[in-house]
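K.L.:
this is the structure alone, sequence omitted:
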């Protein structure tokens with residue numbers, strides 16, 4: 001990927017990120033959910049978004065399928081396209097964080113190098129990696145889209161866990177296995193971790 005044109009210049013506005021965070025009453029961050037297809041990433045991401053919104057937090061989910069309907073509709077699933085997919089999302093997350101928002105991403109993001117680049121783009125101080133470590137066998141059994149079956153039949157190329165590798169995070173900030181942890185318990189844990197008391201009454 002080429003670098004920005006040297007004739008371009010970043011323009012600083014008169015409103016700082018800290019001013020936006022103060023106005024919103026929150027610390028902007030990116031919660032990066034990674035894991036196999038059907039591990040429960042999107043379920044957790046949208047449940048967390050709902051819980052945070054109910055607490056008055058300004059947040060938004062960037063979901064893998066949703067983003068490929070528009071921003072990344074030109075990308076496939078080769079290693080190169082997956083890498084570009086993650087780069088673009090990280091850049092969007094960085095801008096949204098600068099606006100003071102809490103960003104929740106839900107992407108398989110199978111390669112450790114791509115996730116590390118996302119951390120660098122967003123900024124390590126604002127990036128939190130959430131590994132949804134639900135085992136392959138459980139994800140395959142769930143298979144809500146029928147993708148695992150199609151991949152094993154040779155009808156889906158470059159499918160993570162079948163014909164393309166998944167590199168688990170070595171030191172995630174949080175690890176959740178949805179086989180043994182309920183959505184409610186996971187959200188309570190995540191809410192506490194981002195500075196909100198668990199449950200709706202806190």
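P.N.:
Happy to help now that I have it. Keep in mind that this is a model prediction, so the values were computed, not measured.

K.L.:
tell me which residues are up against the helix or strand where residue 103 lies.
P.N.:
Residue 103 belongs to strand 102-106 when assigned by DSSP states H and E. For strand 102-106, contacts defined as C-beta atoms under 8 Å, 6 or more residues apart in numbering pick out 26, 28-33, 41-42, 44-45, 48-49, 52, 57-64, 89, 93, 96-97, 194. Every residue, glycine included, has its C-beta placed from N, CA and C.

K.L.:
mind doing that once more with 6 Å?
P.N.:
The contact list for strand 102-106 (C-beta atoms under 6 Å, 6 or more residues apart in numbering) reads 29-33, 41-42, 45, 48-49, 57, 59, 61-64, 93, 96.

K.L.:
any idea what the most centrally placed residue in the chain is bridged to?
P.N.:
Centroid-nearest residue in the chain, with C-alpha atoms, centre = their mean: residue 105, separated by 2.3 Å. Following DSSP bridges, residue 105 is listed with bridge partners residue 32, residue 62.

K.L.:
what about the residue lying closest to residue 107 once chain neighbours are set aside, how many neighbours?
P.N.:
Once flanking residues are discounted, residue 107 sits nearest to residue 64: 4.5 Å by C-beta to C-beta, 6 or more residues apart in numbering. For residue 64, the count of nearby residues is 20 (other C-beta atoms under 10 Å).

K.L.:
surely residue 64 and residue 110 touch.
P.N.:
No. With contact defined as C-beta atoms under 6 Å, residue 64 does not count as touching residue 110 (11.3 Å).

K.L.:
follow-up on the earlier one: look up how far residue 5 lies from the residue nearest to the centre of the chain.
P.N.:
Distance of residue 105 to residue 5, computed by C-beta to C-beta, to the nearest Å: 27 Å.

K.L.:
got it, and residue 71?
P.N.:
With C-beta to C-beta as the criterion, residue 71 and residue 5 are 21 Å apart.

K.L.:
with residue 180 instead?
P.N.:
From residue 180 to residue 5 the distance is 50 Å (C-beta to C-beta).

K.L.:
just give me the longest helix of the protein.
P.N.:
In terms of residue count, the longest helix belonging to the chain (DSSP state H) is helix 79-98.

K.L.:
who are the packing partners of that helix?
P.N.:
If you count contacts as 3 or more C-beta pairs under 6 Å, 6 or more residues apart in numbering; DSSP states H and E, helix 79-98 packs onto helix 112-122.

K.L.:
which other residues reach the helix it packs on?
P.N.:
Contact with helix 112-122 is made by 30, 83, 86, 90, 91, 93, 94, 109, 127, 167, as judged by C-beta under 6 Å, 6+ apart.

K.L.:
can you check stretch 79-93 too?
P.N.:
Applying C-beta under 6 Å, 6+ apart, the contact partners of stretch 79-93 are 30, 62, 72, 75, 103, 109, 114, 118, 121, 122.

K.L.:
buried set for it?
P.N.:
For stretch 79-93, burial by neighbour count (16 or more other C-beta atoms under 10 Å) applies to 82, 83, 84, 85, 86, 88, 89, 90, 92, 93.
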